[in-house]
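K.L.:
below are the sequence and a predicted model; questions follow.
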Amino acid sequence: MRAAALRVELHLPASQSLKEKRAVLRPVIEGLRRLGSYSVAEVGHHDKWQRAAIGVAIAAPDGESLAMQVSKLRRYLDGQLEIEVLDVRMSELEEPE
């Protein structure tokens, strides 16, 4: 089994309030959860209108499947018109022997 934790930094250029930010971010987070049964949460920039950080946990049976899941996640995010992906940092977790 392989697992990875991702931190995705986002820019939400149209948001002019925290309420607008949540209205944009909520469907993105729910879409990620449906996309691959990922665990997703907002993890940073809670008080900023146009910035967000989300954390995503992914598990896969092997390295190839994990890479495919990360690629699928990135394509989904890049296809969202209301957000701009600024940075994606990934930490792979090793399975204990």
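P.N.:
Received the coordinates, thanks. Numbers count the residues shown, from 1 in each chain.

K.L.:
contacting residues around stretch 48-68?
P.N.:
1-13, 15-18, 20-21, 25, 28-29, 32, 36, 38-45, 69-70, 73, 83, 92 (Cβ atoms under 8 Å, 6 or more residues apart in numbering). The C-beta positions use only the backbone N, C-alpha and C, and glycine is treated the same way.

K.L.:
ok, Gly44 - contacts?
P.N.:
7, 9, 52-53.

K.L.:
what is the subsequent helix or strand relative to the helix or strand hosting Val43?
P.N.:
In this assignment (DSSP states H and E), Val43 forms part of strand 39-44. Where DSSP H and E defines the elements, the next helix or strand beyond strand 39-44 is strand 51-60.

K.L.:
please state the offset of the next helix or strand after that following strand from the chain centre?
P.N.:
Reading on from strand 51-60 to the C-terminus, the next helix or strand found by DSSP H and E is helix 63-78. Put simply, helix 63-78 sits 11 Å off its chain's centre (Cα atoms, centre = their mean, to the nearest Å).
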